[in-house]
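> Quick one, fold the following:
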Amino acid sequence: SLQNYSVIYIAGVSYAWTVPGDWTITSGQGTHSIYVTVGTNTGNVVATPSNGCGSGTASSLAVTNSTVPAQPSAITGPVSPANSAANQNYSVTNVSGVSYAWSTPCDWTITAGQGTNLLTATVGTISGDVQVTPGNSCGSGTSRSLTVTPGSGFTTKTRVTGAANWNTAATWVKILTGTVTFAVSTNVVGVGTKFTTELIVGDVLLLNGTPGTIRGTVASITNDLNLVLVANSTAGNGAYGKEAVPTSTDNVEIGNTLLTGANTTVTLDVASATINSLTFIGIARANVLTHAATTNALTVLGNVTLNQPTGIFTNSWIINAGSGTVGGNILFNGTSATATRIMSIVLSTGSLTIRGNLTLTALAAATALVNMTGVATLNLGGSFTITNSLGTMTPGTTSIFNFNGSIAQTIPIGVSAVTYANLNVNNTSAGGATLSAAISAANVTQALSVQSGTFNNGGFAIILNTKTLSVSSGATFNLTGTSTMATGTL
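Model prediction:
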């Protein structure tokens with residue numbers, strides 16, 4: 001890049017300039033101001049004054065070469081969002097000092113996050129690319145893109161009750177395009193179906209309205225509207241699907257409104273899985289997803305919704321010692337004040353990373369529960385909203401709640417039954433993370449650690465009793481107000 005360096009002009013004085021080895025002076029040598037083409041070396045820009053009496057003392061400026069930012073990490077976000085879906089998040093790994101310029105397909109609307117590493121958008125109907133370009137004072141770096149196709153994802157829901165495994169096709173029914181008619185024969189006729197692209201020989205077919213009944217196995221596919229089964233089917237018609245393990249474009253539902261005879265518990269029995277979205281259905285039964293082992297990881301590109309059961313049951317994502325990553329938001333969707341109708345997320349020694357928002361919507365505090373035991377860690381990049389000021393977070397003595405957003409965050413303190421053990425701050429935004437109320441030993445039971453970025457006390461006191469408040473090198477703690485400031489160990 002072309003840069004300018006200068007000293008104060010003095011009549012009758014000329015200046016001999018030197019620059020680092022691979023820099024080039026393009027104009028101004030001998031004058032008080034030069035333009036240079038910057039190279040890759042660091043060093044000193046030096047100006048030596050002289051007149052008819054000789055040379056004076058040189059002035060020197062140490063310079064460090066900067067470059068445009070590197071290409072961002074791969075974009076994380078739903079590749080098959082629903083048409084017109086709001087609050088869809090796309091993100092890249094944040095790099096300090098870099099801004100991010102986002103673009104989306106033409107009928108999408110960017111609602112938040114332009115300039116940051118986390119974008120929120122309302123989806124349109126047009127496919128294309130979500131693109132992000134990094135920038136700094138030296139210019140723009142190489143863009144990163146993610147191809148998105150609204151409305152292209154499939155709904156994949158549980159078709160059994162009781163205990164079931166994630167990696168077993170018979171656990172699921174993936175709802176496909178169009179409707180079909182099964183006769184008491186091997187022939188199946190479709191309306192608006194896409195047999196040639198959505199099915200293969202060997203697929204097991206079912207009707208959405210009777211998910212517990214297998215209609216047949218595909219023997220051959222004639223065209224998009226006709227196929228042949230291995231054996232005669234029983235009669236029936238309507239929306240249909242196939243048995244299939246969920247994939248990254250699938251919108252997964254735990255629970256089925258047509259299967260209410262027993263609870264459903266699905267065990268994540270694979271090392272890792274990626275899906276588009278995750279919804280726990282609210283019926284008069286418990287619908288549960290549990291991670292089988294410490295190495296089990298689930299990535300949800302979009303949003304997670306926990307709907308409240310309509311009976312005395314618990315809908316729960318039990319991560320245990322595994323890990324969960326949510327590119328979008330997590331919503332607890334409570335509609336009843338009955339305290340025994342519970343929505344919960346459970347962590348023991350595992351971790352949950354939410355790049356978007358965490359929202360507890362409840363009509364009774366006990367119904368929306370985040371239960372963190374052991375050394376569990378929850379990383380939150382977006383906002384923490386406790387609608388109606390009702391919700392519960394139960395920490396273990398070694399659990400960590402980490403506010404690590406790149407946008408300004410408010411830390412809810414003293415709201416309902418929400419309690420932290422170890423509260424970490426790694427917020428890199430200019431606004432930082434700010435307390436909503438005073439910290440006491442009752443609402444933050446262990447340490448407060450400002451590890452990086454900015455933390456604001458918001459004018460509130462911090463009373464940790466015998467616990468530790470730490471601010472790491474390079475982090476910022478803004479103390480305002482006149483409240484009594486911390487008792488505890490600094």
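> so what's the residue nearest to Gly128 when sequence neighbours are not counted up against?
Excluding the flanking residues, the one nearest Gly128 by CB to CB, 6 or more residues apart in numbering is Pro105, at 3.5 Å. Every C-beta, even on glycine, is put in place using the N, C-alpha and C of the backbone. Applying CB atoms under 8 Å, 6 or more residues apart in numbering, we find Pro105 in contact with 124, 126-130, 148.
> Need the max-distance pair from those.
The distance between the two most remote of the contacts of Pro105 (CB to CB) is 13.2 Å, for Gly124 and Asp129.
> Looking at those two, which has the bigger crowd around it?
Set Gly124 next to Asp129 and count neighbours by other CB atoms under 10 Å: Gly124 wins out with 18 against 15.
> Am I right that that one is in contact with Ser84?
Yes - Gly124 is within contact range of Ser84, at 7.0 Å (criterion: CB atoms under 8 Å).
> The spatially closest residue to Asn329 that is not a sequence neighbour: neighbour count?
Using CB to CB, 6+ apart and skipping the chain neighbours, the partner closest in space to Asn329 is Gly356 (3.9 Å). With neighbours defined by other CB under 10 Å, the count for Gly356 comes to 28.
> Gly356 and Ala365: what is the separation?
To Ala365, Gly356 is 23 Å away according to CB to CB, to the nearest Å.
> Distance check, Thr18 against Ile342.
With distances taken as CB to CB, Thr18 is found 72 Å from Ile342.
> Same drill for the two, tell me which one is more crowded.
Between Thr18 and Ile342, counting by other CB under 10 Å, Ile342 is the more crowded of the two (24 against 16).
> For the residue lying closest to that one once chain neighbours are set aside, the count of nearby residues, please.
The spatial neighbour of Ile342 that comes closest, neighbours along the chain excluded (CB to CB, 6+ apart), is Thr314 at 4.2 Å. Neighbour count of Thr314, defined by other CB under 10 Å: 21.
> One more: His32?
Residues near His32, counting by other CB under 10 Å, number 17.
> confidence score at it?
Here, the pLDDT recorded for His32 equals 95.
> What separation do you get for it and Ser55?
Taking CB to CB, one finds His32 at 15 Å from Ser55.
> Make sure the residue nearest to Asn329 is actually in contact with Pro78.
No - between Gly356 and Pro78 there is no contact under CB under 8 Å: 11.1 Å.
> Give me the common contacts of the two.
Common neighbours of Gly356 and Pro78 (criterion: CB under 8 Å, 6+ apart): 327-328.
> re the thing from before, and of the contacts of Pro105, the nearest to Thr247?
Closest to Thr247 out of the contacts of Pro105 is Val148 (15.9 Å), distances taken as CB to CB.
> Mind listing the residues bridging to the closest one?
Val148 has these beta-bridge partners by DSSP bridges: Gly128.
> which residues touch it?
Val148 is in contact with 77-81, 105, 123, 127-130, counting by CB under 8 Å, 6+ apart.
> got the residues you listed as JSON lines, with distance to Val46, secondary structure and pLDDT columns?
Output for the contacts of Val148, formatted as JSON lines (distance: CB to CB, whole Å; DSSP: H, G, I helix; E, B strand; the rest coil; pLDDT from 0 to 100):
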{"residue": "Gly77", "distance to Val46": "49", "secondary structure": "coil", "pLDDT": "90"}
{"residue": "Pro78", "distance to Val46": "55", "secondary structure": "coil", "pLDDT": "90"}
{"residue": "Val79", "distance to Val46": "54", "secondary structure": "coil", "pLDDT": "90"}
{"residue": "Ser80", "distance to Val46": "59", "secondary structure": "coil", "pLDDT": "88"}
{"residue": "Pro81", "distance to Val46": "57", "secondary structure": "coil", "pLDDT": "89"}
{"residue": "Pro105", "distance to Val46": "52", "secondary structure": "coil", "pLDDT": "95"}
{"residue": "Val123", "distance to Val46": "56", "secondary structure": "coil", "pLDDT": "94"}
{"residue": "Ser127", "distance to Val46": "56", "secondary structure": "coil", "pLDDT": "93"}
{"residue": "Gly128", "distance to Val46": "51", "secondary structure": "strand", "pLDDT": "95"}
{"residue": "Asp129", "distance to Val46": "47", "secondary structure": "strand", "pLDDT": "96"}
{"residue": "Val130", "distance to Val46": "47", "secondary structure": "strand", "pLDDT": "96"}
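> Buried only: go through those for me.
77-81, 105, 123, 128, 130 (16 or more other CB atoms under 10 Å).
> With distance to Leu199 as extra columns, can I get those in CSV?
Shown next, in CSV, are these (distance: CB to CB, whole Å):
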residue, distance to Leu199
Gly77, 28
Pro78, 24
Val79, 22
Ser80, 19
Pro81, 24
Pro105, 29
Val123, 27
Gly128, 28
Val130, 30
